[in-house]
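>>> Give the three-dimensional model of this entry:
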Amino acid sequence: MLPLDPEQATARTWFESLRDAICAEFEAIEREAGSDAAFVYTPWDRSDPSGAPGGGGVRGVMKGRVFEKVGVNVSTVGGAFEGEFARSIHGAGEDPRFFATGISLVAHMANPHVPAVHMNTRFLVTTKRWFGGGADLNPPHPIEADTAEFHAVLKAACDAHDPAHYPRFKQWADDYFFIPHRGVHRGVGGIFYDHLEGDFAANFAFTQDVGRAFLDVFPRIVRRRMDMPFTDADLAVQRAWRGRYAEFNLVHDRGTLFGLKTGGNIDAILMSLPPVATWE
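A predicted model of the protein is given here:
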């Protein structure tokens, strides 16, 4: 992969620093629960289909007492999209070369009253440059106070930049995180945005605030719920819900398809899948 330009390097550095802050906070929660669980980091390299170096990343995974399985992947990759896939990517129809850097996180929790969560933010370059991402909460047993707080913190992050962001990006999440063949939403939503292009500094600042908002609100929800008692029936609901989560990620998620189509690390791409799930 060619040397990074200043915007690409700035974005990559932020995603790596956000990864470090999130992982440290999650490990702190494990210690509070009496666990010594820690992230195991595995570097990986990617080769472009042409044979040229394509960058790579680091996959971090932790399995603990509170976080049954949490994966945090940071990748910085480049190369050229192949064939028809290039036409599906913003700005790649005329020139298939691309650069992408970002962070992707999925946490599946041991206690079914603690919501699972997904967060991803990224910077992509084709013939255009844009940020995308968001965060969404996925509780097997929704608790209204948690849903309201999660949305309120994301709304505050959006409102600091543009009052139109939150209603637009909330609706985008509602539309995107939907399982058509089940006719249900994947969770209780959040925000999702893509193709945020133009002013790099403004869009980067917004993307940073989305990451900070996630780091603010999700650990607080975890600490509030991680010691709640639960039953075998509660676990059964969680595992059936996880089956639907897996269905969405394997059938409909664009990030999964992007990783597979661009020669990404399979373990990093599929780290979103839950450790235990059921289908009845």
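>>> For stretch 161-179, give me every contacting residue.
134, 136, 151, 154-155, 158-159, 184-187, 189-194, 202, 205-206, 209, 244, 247-248, 252 (C-beta atoms under 8 Å, 6 or more residues apart in numbering). In this view, the C-beta of every residue, glycine as well, is placed from N, C-alpha and C.
>>> Can you report how many residues lie near Asp170?
One correction, residue 170 is Lys, not Asp. 20 (other C-beta atoms under 10 Å).
>>> average model confidence for the strand or helix carrying it?
Element membership for Lys170, per DSSP states H and E: helix 165-176. Helix 165-176 carries an average pLDDT of 97.
>>> tell me the mean pLDDT for the helix or strand hosting Ala268?
Here Ala268, judged by DSSP H and E, is contained in helix 266-269. In this model, helix 266-269 has an average pLDDT of 78.
>>> show me the contacts for Gly189.
So Gly189 contacts 136-137, 151, 170, 173-174, 177 (C-beta under 8 Å, 6+ apart).
>>> Now the two most distant members of the residues you listed.
For the contacts of Gly189, the farthest-apart pair by C-beta to C-beta is His151 and Phe177; their separation is 13.5 Å.
>>> More neighbours: which of the two?
Between His151 and Phe177, counted using other C-beta under 10 Å, Phe177 has the larger neighbour count: 23 against 19.
>>> Which secondary structure state does Ala135 sit in?
Here Ala135 is strand, with the state taken from DSSP: H, G, I helix; E, B strand; the rest coil.
>>> Who are the contact partners of it?
Applying C-beta under 8 Å, 6+ apart to Ala135 gives the contacts 117-120, 154, 190-191, 210, 213-214, 218.
>>> Repeat that for Arg31.
Contacts of Arg31 (C-beta under 8 Å, 6+ apart): none.
>>> That one falls within a helix, correct?
Yes: Arg31: assigned to a helix according to three-state DSSP.
>>> Could you give the bridge partners of Ile191?
Going by DSSP bridges, Ile191 is paired in beta bridges with Ala135.
>>> who touches both of His151 and Phe177?
189-190.
>>> Distance from the helix holding Lys170 to the middle of the chain?
Helix 165-176 sits 16 Å away from the centroid of its parent chain (C-alpha atoms, centre = their mean, to the nearest Å).
>>> How about it, which residues are buried there?
Residues of helix 165-176 classed as buried by neighbour count (16 or more other C-beta atoms under 10 Å): 165-166, 169-170, 172-174, 176.
>>> just the strands in the stretch 151-280 of the chain please.
178-179, 184-185, 189-197 (DSSP state E, counting those that start in this stretch).
>>> Tell me where this protein is predicted with low confidence.
Where the chain drops to pLDDT under 70, the residues are 1-2, 47-53, 86, 259, 261-264.
>>> quick revisit: what angle sits between the helix holding Lys170 and strand 189-197?
110 degrees (axes from the mean of the first three to the mean of the last three C-alpha atoms, to 10 degrees).
>>> Would you mind writing the CA trace of helix 165-176 as CSV?
C-alpha atoms of helix 165-176 as CSV (Å, rounded to 0.1, in the frame of the first residue of the first chain):
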residue,chain,number,x,y,z
HIS,A,165,-28.0,14.7,12.0
TYR,A,166,-29.8,12.8,14.7
PRO,A,167,-33.2,12.4,13.1
ARG,A,168,-31.6,11.6,9.8
PHE,A,169,-29.1,9.1,11.1
LYS,A,170,-31.5,7.5,13.6
GLN,A,171,-33.9,6.8,10.7
TRP,A,172,-31.0,5.5,8.6
ALA,A,173,-30.1,3.0,11.5
ASP,A,174,-33.7,1.9,11.8
ASP,A,175,-33.9,1.2,8.1
TYR,A,176,-30.5,-0.4,7.9
